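S.K.: Build me a structure from this.
(chains A and B)
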There are 2 protein chains.
Amino acid sequence: MVAERIYSPGLEGVIAAETRISFLDTEQEEIVIRGYNLLELIRQAGYVDVVGLLLDERLPNEQRRTELEKQMVSASVPEEVYQILAKLPPTMHGMDRLRTAVSALAGFDPEASTVDPQVERKKAPWLIGQIAQIVANLTHIARNGVPHHFEPGRGFAENFLRTIAAREVRAEEVRAFEQSLIAYSEHELPNSTFAARVVASTLADLYGALTAAVASLKGPLHGGANEAVMYMLLEAQTVERLETLLRDKLVRKERIMGFGHRVYMRRIDPRAQLLKATLRELVDAKGSGMEFVEMCQRGEDIMREEKGLYPNLDYYAAPIYYLLGIPIELYTPIFFAARSVGLLAHIIEQHADNRLYRPRVLYTGPRGLKL
Amino acid sequence: MVAERIYSPGLEGVIAAETRISFLDTEQEEIVIRGYNLLELIRQAGYVDVVGLLLDERLPNEQRRTELEKQMVSASVPEEVYQILAKLPPTMHGMDRLRTAVSALAGFDPEASTVDPQVERKKAPWLIGQIAQIVANLTHIARNGVPHHFEPGRGFAENFLRTIAAREVRAEEVRAFEQSLIAYSEHELPNSTFAARVVASTLADLYGALTAAVASLKGPLHGGANEAVMYMLLEAQTVERLETLLRDKLVRKERIMGFGHRVYMRRIDPRAQLLKATLRELVDAKGSGMEFVEMCQRGEDIMREEKGLYPNLDYYAAPIYYLLGIPIELYTPIFFAARSVGLLAHIIEQHADNRLYRPRVLYTGPRGLKL
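M.R.: Prediction:
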């Protein structure tokens, strides 16, 4: 077949999986999650609802919702995993520590190597809870080796945020945080999800596929972008300096993080649009942080005018996390924790109807050399 | 473009990378490694020569060869990485422990996050040496927590084998082991190499991409096959029982490991052909193990006659490793250690001319659901 020989670098435009999980409909500008519009889920549902939707293929009823949240909140991380984290240098990148911890988790699951979709679906809520607790403790462990624990009486999003921040949190803060978790929960076939499915297709298990996804998400062209955005905003501090900084970068043709997305191309990321409103609401509720709203708006205007580029989700998630008092090194790990449910859904789907990924190459090297 | 919409499950037949590293020429039945025939490299070169060839794009001269081997042998594994391995349950799968250790290594490299190909090329021989030492110590650490170390005066392959076996080894044993390392060193774009390139394309670093490759290689459809072959041979013990066992599996339509390969299809894997000779030489040199030669031959005959399937590399690597006294749980980790150089070459090539992997999906789920 001639068509098979067409080479598209980065597999751009190539269909690499059949899925019932999600779809970026760029024509109708809709992110479809199991049939629902992601924006409606962000506005009207809770993170645990979305977990149920992604895992069960339908929104949970009250009983299922309660069961899921209980599992996610009560999942405990083995003490040895925290001890392993404590052996790693505090200077090690947060995503590298998270990757090591997710990999280590496999050792404490007697069914770690199973690829039975039914068993995997049962384990998923516990894993999401374990991952969130590890993420919430990355900075605590690096500081003094002592992990904080989730409290059974509270919801998942509240537990996650207050464990990170190590303080009581307000309802408006929890809601802003939860909206970001839903926004990050699932997004079709980005690099990390693709990496997870590729690895899962060898019939490697959940832990291996999730570890590969952490590795992918660390990359500055992928999850690492939200941290880069925050460093840029903090470097600027004012609208005027942000403008200077951006225009200098544009002149030097440097990559500016937080703008553009392979699939949306020259349209705005609808998640960014929504989190922009969330940022504004959070600023109003806290009565501080207006400078971030203004800086982000100016940056958005400049990039649209100069490059025709629109902000992506990371651009607005960054200042929200900053205003919530979240350490910057946790931004990408939180992205991973929120996305873990989407990844799990994809890995389980891959295992349920598997075909090993094994593409070919276009060889451009020498031939016929003799020893 | 219509061609872009064709969906090939597992990306079968799809070109997913341009490379100067290697090529499986199925028409001429040749595995091309940087222009050389892999079989000639297995027969006539040393593993360190192949490391030089893969990293430098040319065979090393005597000086470069000495330098590379010195780096590979003298690379030291941080004590903390062994301590982390000791924290993991001894029952944890060898590949899961290896994955955790490779991920943890990043914490002890001040330049861990670099994606500069020049820096990566310099680090590569050290990393290959570290990985081999970790692999050689997986069983020792699980047994008593004490690692064995490489000795500077000896070659890489000898050090690797004698550290695994914890005994002096004979020249014929080292040569058989070294031939298996070369056979495993590089093989175009199998799942693990593809996973490494996918992860590297986010500009994630060597450690993340290698960790993803370990995760992939654990899968029973990929690297896990060599262990499965050995368990089958040990279960059979005699030619007659192997025949019964295989025919029973065929009747039950069970998957039989060690046969067939996506790319070779219905031709023999040339590496298997060569390692078959290596197995015979090793048996002659040791004066024992003839039953494995006979069992493997019978199995090969049955599978060719009944299914038209030919053995792959794992089928002959397994009995070689068994006769060398290597614990079965190390077979796949050794495959990874041998392949680390090929993986490094691919990751460096990806970083030198990068395009983010981000394919699309064929969405078959529901649409238009309302909350």
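S.K.: is stretch A:184-196 up against chain B anywhere?
M.R.: Yes: applying CB under 8 Å from any CB of the partner chain, one finds stretch A:184-196 touching chain B at A:188, A:189, A:190, A:191, A:192, A:194, A:195. The C-beta positions use only the backbone N, C-alpha and C, and glycine is treated the same way.
S.K.: repeat for stretch A:205-217
M.R.: Yes: using CB under 8 Å from any CB, stretch A:205-217 reaches chain B at A:205, A:207, A:208, A:209, A:211, A:212, A:214, A:215, A:216, A:217.
S.K.: what helix or strand is the third one on?
M.R.: Assessed by DSSP states H and E, residue A:208 sits inside helix A:206-217.
S.K.: residues in the stretch 51-200 of chain A within reach of chain B, list them.
M.R.: A:59, A:80, A:83-84, A:87-89, A:91-93, A:96-97, A:99-100, A:103-104, A:106-108, A:112-113, A:188-192, A:194-195, A:198-199.
S.K.: which residues in the stretch 1-150 of chain A form strands?
M.R.: Taking DSSP state E, counting those that start in this stretch as the criterion, the stretch 1-150 of chain A contains strands spanning A:15-19, A:22-25, A:30-33, A:36-37.
S.K.: Packing partners of the first one?
M.R.: What that stands for is strand A:15-19. In terms of contacts (3 or more CB pairs under 8 Å, 6 or more residues apart in numbering or on different chains; DSSP states H and E), strand A:15-19 is packed against helix A:191-200, helix A:331-352, strand B:360-363.
S.K.: got a markdown table for the ones you listed, with mean neighbour count, mean pLDDT and distance to residue A:183 too?
M.R.: Below are the helices and strands packed on strand A:15-19 laid out as a markdown table (neighbours: other CB atoms under 10 Å in any protein chain shown; pLDDT from 0 to 100; distance: least, CB to CB, whole Å):
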| stretch | mean neighbour count | mean pLDDT | distance to residue A:183 |
| --- | --- | --- | --- |
| helix A:191-200 | 31 | 98 | 15 |
| helix A:331-352 | 26 | 98 | 8 |
| strand B:360-363 | 20 | 96 | 19 |
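S.K.: so where's chain A shaky on pLDDT?
M.R.: Within chain A, the stretches with pLDDT under 70 are A:1-5, A:264-266.
S.K.: Tell me who's in contact with residue A:178.
M.R.: By CB atoms under 8 Å, 6 or more residues apart in numbering or on different chains, the residues touching residue A:178 are A:46, A:47, A:157.
S.K.: now it, what's its secondary structure?
M.R.: Under DSSP: H, G, I helix; E, B strand; the rest coil, the three-state class of residue A:178 is helix.
S.K.: do the same with the one 3 residues further on
M.R.: Following three-state DSSP, the label given to residue A:181 is helix.
S.K.: Quick one: residues contacting it.
M.R.: A:47, A:157, A:160, A:334, A:337, A:338.
S.K.: Now do the first one: how many residues are near it, please.
M.R.: By that I understand residue A:47. 27 (other CB atoms under 10 Å in any protein chain shown).
S.K.: just the second one next, same as before
M.R.: Look at residue A:157: counted by other CB under 10 Å, it has 26 neighbours.
S.K.: Please give the element, helix or strand, for it.
M.R.: Residue A:157 belongs to helix A:156-165, assigned by DSSP H and E.
S.K.: Check which helices and strands that helix is in contact with.
M.R.: Applying 3+ CB pairs under 8 Å, 6+ apart, we find helix A:156-165 packed against helix A:47-56, helix A:62-74, helix A:117-144, helix A:171-184.
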